[in-house]
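K.L.:
My questions are about this predicted structure, shown below with the sequence.
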Amino acid sequence: MARLFDCFSALFSFGLELEAAIAAGRAVPAPDAVQNRARQLLEQARTAARDAGSTDAHIESAAFAMVAWLDELIARHPGWSGSGAAPLQAQLFNSNNAHSEFFHHLSALQPDEGEVREIYWHALAHGFKGQYYFENGDGGELGKLKDLHGRQLPVVPLALQTLAEERITPQPYGTPDPPAPRVPERRERALMRAAGALALLIPLAYLLWTMLGGPREPSPTLAQRVEQQLQAFACADLAASPERNGTLRISGFVPVPEDIARVEREVRAVPGAEAASFDLRLRIWPHCEVVAILKPYQARNQALRQPLKVRVPSAHEHRLREGDPVLVRVTHADQEGHLRVDYYTADGAVMHLDASRGLSRLRPGEAVELGHDIPSSWLVSPPFGTVLITALSSTVPLQDTAGAPPFELASAYLQRLREGLALNEAAGRPIADFMFLETVAR
């Protein structure tokens, strides 16, 4: 019976041909024609998978992974950025967040869903990056995910480096060559060699004794083993700490509700962690990625004598009500710097408060208040939920401020933010502070 991957192989081939043509600069069809052909092949794959006995849930999950991969391939074409064509994920799945949903779906797969996992793994192996667009090679989270899920596939993929160690063809001789005949030696020469060997063995034996009797590297603790397991969760901020009674406490944030149960299940599966306690909360995307980006700069800020501080006077008990303005008060750190304040909404967008202020330099300890002059269309409005306000300061202006729109999707902005911080790290020594608020209806 055909595997699920076999049903989608024609669509994979189409995507790889498209990728090769784009990379080589060859002529390719218009975006509409490419999307129409992709939809045809996707429907054929769905039909073949149903005929092979796959469930609808497995088929749709695999189809979503394929669409996310194809959308990323199409987005790489330099001439299609202004075509105006909606991505396949929006047309077929009513989503614009496939770059992060892909990894949420992947992390939710169960051990018996190996055929679906195979589709996701091949999408990663053939270049899908999604929310990890800033990584190159397999040295980061993408490499860990490929390795982690590759080991769970029905047929584990062969690592390329093992080909140098495996013999492809049988060797002609299965036994070593016989030893050559020895020439008789004199007794005196044999005694001298024996004495020399003994003189060499004595210090070697002493060295071996000291090495075996010395301190050995300790085996990883239970908390360290659990921490390693927690690294598999994408866009999560989790920590394992030992309690006084010998149990573990797992605390932190996950991006989707399904991950709460999954964290508890996988941690309790680790030998010795069956009695672990949990304090897990939600931190949705893009908030989880923003915190991951700014965390080292927040730590640098907290080490200052007078750190950068962000407050929201218009919030009451950490809540903003419908129709409230977003008034942000920032007290600068004990150093001069250029300030940027961003407001991340509950639905994946970001508003830059008074973006032009990033061009003026603030004095040490200077306080500024932003948000008084924003238009009425930017007052708190649905959808309600958790919002994130960040303040970022650098001794030199960040490089991505030129031409930035005042309101944009976080997915587009975060890539520029990462690049700008990387360029400013040495000269600008950036620092950051942030706070979470809840927006509610009146």
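P.N.:
Cool, the structure landed. Remember, predicted model here, so these are calculated numbers, not experimental data. Numbers count the residues shown, from 1 in each chain.

K.L.:
and Ala30, how many neighbours does it have?
P.N.:
Residues near Ala30, counting by other CB atoms under 10 Å, number 12. In this view, the C-beta of every residue, glycine as well, is placed from N, C-alpha and C.

K.L.:
For the remainder of this discussion, apply numbering that starts at 58.
P.N.:
OK, 58 is where the count begins now, so the last one is Ala87.

K.L.:
residues making contact with stretch 289-308?
P.N.:
For stretch 289-308, the external contacting residues (CB atoms under 8 Å, 6 or more residues apart in numbering) are 157, 160-161, 163-164, 188, 198, 201-202, 205, 278-280, 283-284, 287, 309-312, 316, 319-321, 323-324, 330, 332-337, 340, 342, 345-346, 348-349.

K.L.:
Buried ones in it, by neighbour count?
P.N.:
In terms of neighbour count (16 or more other CB atoms under 10 Å), stretch 289-308 has its buried residues at Ala289, Phe290, Ala291, Cys292, Ala293, Asp294, Leu295, Ala297, Leu305, Ile307.

K.L.:
Please identify the helix or strand for Phe310.
P.N.:
Element membership for Phe310 (DSSP states H and E) is strand 305-311.

K.L.:
Let me see the mean pLDDT of that strand.
P.N.:
Mean per-residue pLDDT for strand 305-311: 92.

K.L.:
In which helix or strand does the nearest residue to Gln209 once chain neighbours are set aside reside?
P.N.:
Counting by CB to CB, 6 or more residues apart in numbering, Arg174 is the residue found nearest to Gln209 once chain neighbours are left out, at 6.1 Å. Counting by DSSP H and E, the secondary-structure element that holds Arg174 is helix 171-182.

K.L.:
ok, then the element right after that helix?
P.N.:
Scanning forward in sequence from helix 171-182, with DSSP H and E defining helices and strands, the next element found is helix 198-207.

K.L.:
that older thread, buried stuff in the helix or strand following the strand holding Phe310?
P.N.:
Downstream of strand 305-311, the first helix or strand assigned by DSSP H and E is helix 315-325. Neighbour-count burial for helix 315-325, with 16+ other CB under 10 Å as criterion, is recorded at Asp316, Arg319, Val320, Glu323, Val324.

K.L.:
circling back: so which of the buried residues of stretch 289-308 comes closest to Ala256?
P.N.:
For these, the minimum distance to Ala256 (CB to CB) is 52.8 Å, reached by Ala297.

K.L.:
what about the residue lying closest to the closest one once chain neighbours are set aside, distance to Leu377?
P.N.:
Here the nearest residue to Ala297 in space, its sequence neighbours aside, is Val283; by CB to CB, 6+ apart that works out to 4.2 Å. Distance of Val283 to Leu377, given as CB to CB, to the nearest Å: 37 Å.

K.L.:
Give the next helix or strand downstream of the worst-scoring helix or strand of the chain on mean pLDDT.
P.N.:
Using mean pLDDT, DSSP states H and E, helix 244-270 stands out as the lowest-scoring helix or strand of the chain, at a mean of 71. Tracing the chain C-terminally past helix 244-270 and defining elements by DSSP H and E, one meets helix 279-287 next.

K.L.:
CA atoms only: put that following helix into PDB for me.
P.N.:
The C-alpha trace of helix 279-287 is given here as PDB (Å, rounded to 0.1, in the frame of the first residue of the first chain):
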ATOM      1  CA  LEU A 279      17.500  14.800  36.200                       C
ATOM      2  CA  ALA A 280      17.000  18.600  35.700                       C
ATOM      3  CA  GLN A 281      19.600  18.700  32.900                       C
ATOM      4  CA  ARG A 282      18.000  15.700  31.100                       C
ATOM      5  CA  VAL A 283      14.500  17.300  31.300                       C
ATOM      6  CA  GLU A 284      15.900  20.600  30.100                       C
ATOM      7  CA  GLN A 285      17.300  18.800  27.000                       C
ATOM      8  CA  GLN A 286      13.800  17.400  26.400                       C
ATOM      9  CA  LEU A 287      12.200  20.800  26.700                       C
END
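
K.L.:
Can you name every helix or strand that that helix contacts?
P.N.:
In this structure, helix 279-287 makes packing contacts with strand 294-299, strand 305-311, helix 315-325, judged by 3 or more CB pairs under 8 Å, 6 or more residues apart in numbering; DSSP states H and E.

K.L.:
before we move on, the earlier item: output the buried residues of stretch 289-308 in CSV; the columns should cover distance to Arg103.
P.N.:
Conversion of the buried residues of stretch 289-308 to CSV gives the following (distance: CB to CB, whole Å):
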residue, distance to Arg103
Ala289, 29
Phe290, 30
Ala291, 27
Cys292, 29
Ala293, 32
Asp294, 37
Leu295, 36
Ala297, 41
Leu305, 44
Ile307, 39
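
K.L.:
of those, closest to Gly194?
P.N.:
Within these, distances to Gly194 taken as CB to CB reach their minimum at Ala291, with 17.9 Å.

K.L.:
Find the helix or strand that that closest one is a member of.
P.N.:
Per DSSP H and E: nothing holds Ala291, as it lies in no helix or strand.

K.L.:
How much space separates it from Gly405?
P.N.:
Computed as CB to CB, the Ala291 to Gly405 distance reads 16 Å.

K.L.:
shaky segments in the chain?
P.N.:
For the chain, applying pLDDT under 70 flags the ranges 58, 135-141, 215-248, 267-275, 411-416, 431-435, 456-460.

K.L.:
And the helices in it?
P.N.:
Assigned by DSSP state H, the helices in the chain fall at 61-64, 66-81, 88-108, 113-132, 145-150, 155-164, 171-182, 198-207, 244-270, 279-287, 315-325, 344-359, 467-485.

K.L.:
now the second one, how far from the centre of its chain.
P.N.:
Averaging C-alpha positions (CA atoms, centre = their mean, to the nearest Å) puts helix 66-81 25 Å from its chain's average.

K.L.:
elements contacting it?
P.N.:
With contacts defined as 3+ CB pairs under 8 Å, 6+ apart, the packing partners of helix 66-81 are helix 88-108, helix 113-132.

K.L.:
which helices and strands sit right next to the first one?
P.N.:
Right, the one you point to is helix 88-108. For helix 88-108, the packing partners by 3+ CB pairs under 8 Å, 6+ apart are helix 61-64, helix 66-81, helix 113-132, helix 145-150.

K.L.:
Please repeat the previous calculation with a cut-off of 6 Å.
P.N.:
Other elements packing on helix 88-108 under the criterion 3 or more CB pairs under 6 Å, 6 or more residues apart in numbering; DSSP states H and E are helix 61-64, helix 66-81, helix 113-132.

K.L.:
Flag every buried residue along the second one.
P.N.:
For helix 66-81, a neighbour-count test (16+ other CB under 10 Å) marks Leu68, Phe69, Phe71, Gly72, Leu75, Glu76, Ile79 as buried.
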